[in-house]
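**Q** Take a look and give me a structure for this.
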Amino acid sequence: MSPSRDGIGLNALSTMVGDDLARTAHPPAPWLTPRTGPDGRHAYDVLVVGAGQSGLATAFGLMRSGVTNILVLDRARAGSEGPWTTYARMHTLRSPKEFTGPDLGVPSLTYQSWHEARFGRTSWQALGLIPKALWAEYLVWFREVTALPVCNDVEVTAIGPADGGLLAVKTISQGSSETRYARKVVLATGQEGMGRWASIPALDDLPAHLKATTADPIDFTSLAGRTVAVVGAGASAFDNAATALEAGATVHLLCRRAVPQTVQPYRWLTFTGFLRHLSELDDAWRWRFMATILGMREGFPQATYDRCAGHAGFRLHEGAPVLAARQTGDRVALHTPNGSLTVDFVIAATGIAMDFSARPELRHLAHNIATWSDRYTPPEGEANAHAASFPYLADDYALTERIAGATPWIRNIHLFGIASTMSFGPSGASINAMTTAVPKLVAGITRGFFRADIEGHWAAFQAYDVPQAILRTPSGTGTALATLGGDTTVRAGQARFTDRIDRSQEP
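**A** Sure thing, here's the model as predicted:
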C-alpha cells in the first residue's frame with residue numbers, strides 16, 4: 001500500500017520524493033566521459049533550451065538515465081517559463097486531471113500527490129480540471145524537488161558547429177553574451193519553437209495597435225466597452241474571446257468553418273499504442289493520421305464555450321472567414337462571405353506557422369532543415385500544406401538535413417515541441433503524451449552517446465579487471481579470482497596463469 005499523501009504538506013512530500021528517487025536510481029554508474037570545449041572550458045553533454053514543462057521533464061529523464069552533465073536555459077524569469085502566466089488565458093488545463101506528465105512514472109512526483117499533500121485528498125476528489133495557476137506552482141515545485149540545473153533570463157541566439165564534434169550555443173543574458181558548448185541540444189521551446197505565431201494575409205496591413213495574436217501581451221482592460229473580433233474557433237480563440245468578454249468587451253468570434261470543431265482528436269489518441277508507436281509507422285500512415293488531426297485543429301471543451309456563451313455580448317459567426325480587412329479611422333472593417341462588421345480590435349487566433357528562419361537560434365541553418373514536403377508526397381486527396389511544412393525528424397527527435405552532408409552537425413539538435421507532432425504525434429507540447437514521449441527522446445539521446453563512444457566503452461571493458469570474489473588458498477592467503485565458464489584467471493601479485501577449478505569442492 002502506498003504511503004498516504006493526504007495533507008502531509010510539501011516538505012514531507014519532498015522528503016518522500018527524495019526517498020523514491022534514491023530507491024529507483026538504477027543503474028547509478030556514471031558512463032559519459034567529460035568533454036572540454038575549444039576554449040578549454042567545461043562542455044555539457046546536453047543543453048536543454050526551454051524550462052517549461054517539456055524542458056523540465058526532458059532534463060529529469062536525462063538525469064534519471066545517468067546523463068547528469070546538463071544545463072537547462074530559459075529566457076523567462078524564474079516561475080514565468082511556458083505559457084501559464086502569460087498567454088495561456090484559460091482558467092484550467094484542458095487535460096483530465098488523471099493524466100500524468102513530468103513525473104515519468106514516479107508516484108510521489110505526480111500532480112495528484114502534490115495537490116493532495118497541499119490541499120488534502122478530499123480536495124483532489126472534488127477537483128474537476130487542474131487550475132492553470134496551480135499547475136504553474138506545481139512545475140516550480142517539481143523543478144526544485146528534482147534539483148534540476150536551470151538558468152533563467154538567458155536567451156539562445158545561435159547554434160552552430162564547434163571543434164571536437166561539439167555544438168556552440170551562443171547566448172545573451174542581461175546584455176552579456178556567452179558561448180556554451182555541448183554534445184547535444186534539445187529544443188524544448190514550446191508552441192512557436194520552429195516558427196512564429198500566425199495571422200492571416202488579410203490582416204497584414206493593419207497597424208499594430210489595432211491587432212494582436214493570441215501570444216501577444218494584450219491589455220484586456222483597455223478593451224472594456226469596445227468591440228473585438230477574434231479570428232479563429234479553436235480552444236485558444238475561445239479563451240481569448242472569454243477574457244475580452246470578462247473585461248467588458250463585445251466579442252465577435254469569426255469561424256471559417258460551417259460548424260466549429262467540437263471533437264477533440266487528442267482525447268481519442270491518448271492510448272499507449274498510438275502514443276508509443278505512431279513514430280514507428282511508415283510515412284504514409286504517420287501522414288494520414290497527423291495531417292488529418294492537424295486539419296481538424298484542437299477542439300474546445302464545454303466549459304470553454306460556456307465561458308463565452310454566458311455573456312450577452314458574445315456573437316459566434318459560422319462560415320465567416322475574413323476575406324479582407326481595412327483600417328477605417330481608428331477602427332477595422334472586416335469583410336466575410338456573410339457580410340461586414342466594424343470592430344475596434346482584432347485578435348488572430350490562427351495557430352502557428354512553421355518558419356525556421358524566424359527563430360534566431362536556427363536562422364543560419366534554417367535553409368537545410370528537412371521538412372515533410374522534402375521527404376514525402378501524399379496521395380491525391382491527402383495534401384496538406386501546413387502539415388508538409390513541419391520538420392521531418394529522425395527517430396531520436398533529431399533534425400535532418402534537406403541536403404545531406406551540408407550541415408551534418410544538426411543531427412545533434414533534437415526537437416521536443418509542437419513541431420515534433422508530424423513525426424511523433426503529440427509529444428513535446430502535450431501532457432497526455434509525456435510519459436511515453438520523454439523516455440523515447442531520452443533513449444534516442446543516450447543511444448547516440450553510446451554509439452558515438454563505443455570504442456571507448458570497448459577499451460574500458462577490455463581494461464576492466466575488478467575481481468568479484470576472493471578465493472582462499474589452503475595457506476589462508478587470499479587470491480583474487482575472476483571466472484569465465486570453467487576457466488579461472490588467477491591474479492597473485494603480477495603473476496597471471498590459468499587453471500582448472502574442481503567445482504565439486506565448492507560449498
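
**Q** isn't Arg288 right up against Gly381?
**A** No - counting by C-beta atoms under 8 Å, Gly381 is not a contact partner of Arg288; they are 10.8 Å apart. (C-beta placed from N, C-alpha, C; glycine too.)

**Q** Those two: who's more crowded?
**A** Arg288 (14 against 5; other C-beta atoms under 10 Å).

**Q** Quick check: nearest residue in space to that one, chain neighbours excluded?
**A** Leaving aside its sequence neighbours, Arg288 sits nearest to Glu382 (C-beta to C-beta, 6 or more residues apart in numbering; 6.7 Å).

**Q** element containing the one you found?
**A** Under DSSP states H and E, no helix or strand contains Glu382.

**Q** How many neighbouring residues does it have?
**A** 14.

**Q** now do His252
**A** Count around His252 with other C-beta under 10 Å applied: 21.

**Q** show me where the stretch 151-300 of the chain has helices.
**A** For the stretch 151-300 of the chain, the helices defined by DSSP state H, counting those that start in this stretch cover 235-246, 265-268, 272-277, 283-296.

**Q** would JSON lines of these with distance to Ala394 and mean pLDDT be doable?
**A** Below are the helices of the stretch 151-300 of the chain laid out as JSON lines (distance: least, C-beta to C-beta, whole Å; pLDDT from 0 to 100):
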{"stretch": "helix 235-246", "distance to Ala394": "30", "mean pLDDT": "97"}
{"stretch": "helix 265-268", "distance to Ala394": "24", "mean pLDDT": "90"}
{"stretch": "helix 272-277", "distance to Ala394": "17", "mean pLDDT": "95"}
{"stretch": "helix 283-296", "distance to Ala394": "13", "mean pLDDT": "94"}
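
**Q** TSV please, covering these and showing distance to Ile410.
**A** What follows is the helices of the stretch 151-300 of the chain, written out as TSV (distance: least, C-beta to C-beta, whole Å):
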stretch	distance to Ile410
helix 235-246	31
helix 265-268	29
helix 272-277	26
helix 283-296	20
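
**Q** Among the ones you listed, show me which one is buried the most.
**A** helix 235-246 (a mean of 25; mean count of other C-beta atoms under 10 Å).

**Q** Go ahead and list the helix or strand containing Asp45.
**A** Using DSSP H and E, Asp45 falls in strand 42-49.

**Q** residues of the longest helix along the chain that come out buried?
**A** What stands out as the longest helix in the chain, according to DSSP state H, is helix 434-452. For helix 434-452, the neighbour count (16 or more other C-beta atoms under 10 Å) marks 434-442, 444-446, 448-449 as buried.

**Q** same check, this time on stretch 59-79
**A** 59-67, 69-76.

**Q** so what's the residue nearest to Phe356 when sequence neighbours are not counted up against?
**A** Nearest residue to Phe356 in three dimensions, chain neighbours excluded: Ala366, at 3.6 Å (C-beta to C-beta, 6+ apart). Residues counted as contacts of Ala366 (C-beta atoms under 8 Å, 6 or more residues apart in numbering) are 356-357, 359.

**Q** Among these, name the ones in helices.
**A** Using DSSP H, none of the contacts of Ala366 sit in helices.

**Q** Could you tell me how far Gly351 is located from His311?
**A** In this view, Gly351 and His311 are 24 Å apart by C-beta to C-beta, to the nearest Å.

**Q** more crowded one of these two?
**A** Taking neighbours as other C-beta under 10 Å, Gly351 and His311 compare with Gly351 leading, 22 against 17.

**Q** right, and that one touches Ser199 too?
**A** No - counting by C-beta under 8 Å, Ser199 is not a contact partner of Gly351; they are 9.8 Å apart.

**Q** Give me the pLDDT for Thr488.
**A** On the pLDDT scale, Thr488 is placed at 39.

**Q** Likewise for Thr473?
**A** In this model, Thr473 is scored at 80, pLDDT.

**Q** Where does the residue nearest to Pro149 when sequence neighbours are not counted sit: helix, strand or coil?
**A** With C-beta to C-beta, 6+ apart as the measure, Leu71 is the residue that lies nearest to Pro149, at 5.3 Å, once sequence neighbours are left out. Secondary structure state of Leu71, per DSSP: H, G, I helix; E, B strand; the rest coil, is strand.

**Q** Same check on the one 10 residues further on?
**A** Classification of Glu81 using three-state DSSP returns coil.

**Q** swap in the one 5 residues further on?
**A** In the three-state summary, Thr86 is assigned as coil, counting by three-state DSSP.

**Q** For it, which residues are in contact?
**A** So Thr86 contacts 80, 215, 217 (C-beta under 8 Å, 6+ apart).

**Q** hmm, who's touching stretch 315-335?
**A** 200, 202-203, 205-207, 210-211, 229, 231, 233, 250-260, 308, 336-338, 340-346.

**Q** swap the cut-off to 7 Å and go again
**A** Residues external to stretch 315-335 that are found in contact with it (C-beta atoms under 7 Å, 6 or more residues apart in numbering): 200, 202-203, 206-207, 210, 229, 231, 252-260, 336-338, 340-344, 346.

**Q** now the end-to-end length of that stretch.
**A** 16 Å (C-alpha to C-alpha, to the nearest Å).

**Q** now do stretch 196-207
**A** For stretch 196-207, the end-to-end distance is 19 Å (C-alpha to C-alpha).

**Q** That one: how far from the chain's middle?
**A** Put simply, stretch 196-207 sits 27 Å off its chain's centre (C-alpha atoms, centre = their mean, to the nearest Å).

**Q** If you drop the residues flanking it in sequence, what lies closest to Leu223?
**A** Nearest to Leu223 is Ala249, by C-beta to C-beta, 6+ apart, at 4.2 Å.

**Q** hey, where'd the strands end up in the stretch 151-300 of the chain?
**A** Ranges of strands in the stretch 151-300 of the chain, per DSSP state E, counting those that start in this stretch, are 155-162, 166-173, 176-187, 195-197, 211-213, 227-231, 250-254.

**Q** do you know which of those strands lies nearest His277?
**A** In terms of C-beta to C-beta, the element of these nearest to His277 is strand 176-187, at 22.0 Å.
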